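S.K.: how would this look folded up:
(2 chains)
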Amino acid sequence: LKSDDTGNRLRFQLELEFVQCLANPNYLNFLAQRGYFKDKAFVNYLKYLLYWKEPEYAKYLKYPQCLHMLELLQYEHFRKELVNAQCAKFIDEQQILHWQHYSRKRMRLQQALAEQQQQNNTSVK
Amino acid sequence: MITKRRINYWELIEILAISRNQKLPQPGEESQILELLIQRDGEFQELMKLAVDQGKIHHEMQLLEKVVEKRDNDIQQLQKQLKEAEHILATAVYQAKEKLKSIEKARKGAISSEEIIKYAHRISASNAVCAPLTWVPGDPRRPYPTDLEMRSGLLGQMNNPPTNGVNGHLPGDALAAGRLPDVLAPQYPWQSSDMSMNMLPPNHSNDFMLEPPGHNKENEDDVEVMSTDSSSSSSDSD
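M.R.: Take a look at the predicted model:
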C-alpha cells in the first residue's frame, strides 16, 4: 500500500512537472522535431493530461499558461506546425510580450502617478 | 305588394258588383268567384300576419346578432390580454430560470477568496505570469520553466542522473544562465511537495495506446496558422 502511495505521489509530481514544461515553446519544438507528436500513445497522453484543468489540480500549477498550450496541443494542426522553429520562436516572442504586459501597465501607472504628484507639488508652491 | 293586390281585388269585387247590376249574370258563377276572392283575401290576410311576425322575428334576430358581435369582440379583447399576460409571464419565468442556472453555476465554482489570493500571490510573486519589473532582453528568466529548471526537476533527474556539477547543475548551464545564486537553489516551487493525499492523477492505466473514449479534436478549421513565411512578429496576441 505504502509503495503504491509513493508511486502515485511520484506520478503526480512527474505529471505536474511535465505538463508545465509544455509552456516552453522551445521544448514543444524539441518534442515535435523528434516525432513525439506523431506517436498515438503520446497524443492520448496529452489528452489524459487535460485533468490539470480541473481547479483542484490547477491550483498546483506555477505556470498556468501551460494549460493553454495543452489545449492547443489537442489539435493536430498545431502539433504539425510546431516542427517549424519559426513557429516556436513566434510563440516565444508573443509569450514574452504578453508576460510583460502587466509590468508595462504598472510602469505607465506609476509614471502617471509620479507626473500627477509633480503637478500637485508645483501647484502648491 | 299585398296591400296593392288587396286593393285590386276589392276593385275587382266592385267591378263585379257593378257588372252584376249591369247584366244578367249566371248567379252561380258570381258567387263562386266571390267565394274564391274571399278565400284569396283570407289567405292574404294570413300571409300579412305571417309577414308581420316574420318581420318581428327578423328584427329580434338582428338585435341578437348585434349582441353576439359585441360578445365576440369582448372575447377577442380577453384573448389579446391573455396572450400578452402569457408572454410577459413566459419571459419572467425564462429569466428566472437563467438566473437560477447562473446561481447554480456560481455556487459550484465557489472558492474561498483566501485560496484565490494565495494562488494569485504564488503565481505572480515568482514572476511566472508577470514579468519582473527589472526585466530586459538578455535576462534568462522566462514565463515558462527554462531548460535549467526542467533538468533539475524530477523528470530531468530521472533521465539524466547528475554526473558532474553541483546539485545536478552542469557548470555550462550555470554560466549560460548567468545568474548563479538563483540557479543553484535546489527547490523550485513549481514542483509541488505539499500535495494532499487525495490528489491522485486520474488515470491508473499506463497504456496510452488504448483509444480513450470520446471524440478526437481534429478541428483543423479552428486553429490559425501560427507560422508564416513573413518574419514580422507583430500580430494580435491572446
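S.K.: Show the low-confidence segments of chain A, by residue range.
M.R.: A:1-2, A:125 (pLDDT under 70).
S.K.: run the last query once more with 80
M.R.: A:1-4, A:124-125 (pLDDT under 80).
S.K.: can you give me the strands for it?
M.R.: Counting by DSSP state E, chain A has no strands at all.
S.K.: hmm, the lengthiest helix in it in reach of chain B?
M.R.: Across chain A, the helix with the greatest residue count (assigned by DSSP state H) is helix A:85-124. Yes: Helix A:85-124 is in contact with chain B by CB under 8 Å from any CB of the partner chain, via A:86-87, A:90-91, A:93-100, A:102-103, A:106-107. The way it works is simple: take the backbone N, C-alpha and C, and place the C-beta from them, glycine included.
S.K.: which of these count as buried?
M.R.: A:86, A:87, A:90, A:91, A:94, A:95, A:96, A:98, A:99, A:100, A:103 (16 or more other CB atoms under 10 Å in any protein chain shown).
S.K.: Hmm, the last one is touching residue B:129, no?
M.R.: Read it as residue A:103. No: assessed by CB atoms under 8 Å, residue A:103 is found out of contact with residue B:129, at 10.9 Å.
S.K.: What is the neighbour count of residue A:26?
M.R.: Burial of residue A:26 is recorded as 16 neighbouring residues (other CB atoms under 10 Å in any protein chain shown).
S.K.: dump the residue contacts of the nearest residue to it once chain neighbours are set aside.
M.R.: Among residues not flanking residue A:26 along the chain, residue A:88 sits closest, at 5.8 Å (CB to CB, 6 or more residues apart in numbering or on different chains). Each residue near residue A:88 by CB atoms under 8 Å, 6 or more residues apart in numbering or on different chains is listed here: A:25, A:26, A:28, A:29, A:82.
S.K.: these two touch, right, the fourth one and residue A:86?
M.R.: Spelled out, it's residue A:29. No: in this structure, residue A:29 is not within contact of residue A:86 by CB under 8 Å, at 9.6 Å.
S.K.: Count residues in the vicinity of residue 56, would you?
M.R.: In the absence of a named chain, this looks at chain A. Residue A:56 has 10 neighbouring residues, counting by other CB under 10 Å.
S.K.: actually it's chain B I care about, not the one you picked
M.R.: 10.
S.K.: name the element it belongs to?
M.R.: Following DSSP states H and E, the helix or strand that holds residue B:56 is helix B:27-108.
S.K.: Now do the same for stretch B:13-28: mean pLDDT, whole number.
M.R.: On average, the pLDDT along stretch B:13-28 is 72.
S.K.: Which strands and helices lie in contact with the helix holding residue B:56?
M.R.: Helices and strands touching helix B:27-108, by 3 or more CB pairs under 8 Å, 6 or more residues apart in numbering or on different chains; DSSP states H and E, are helix B:2-22.
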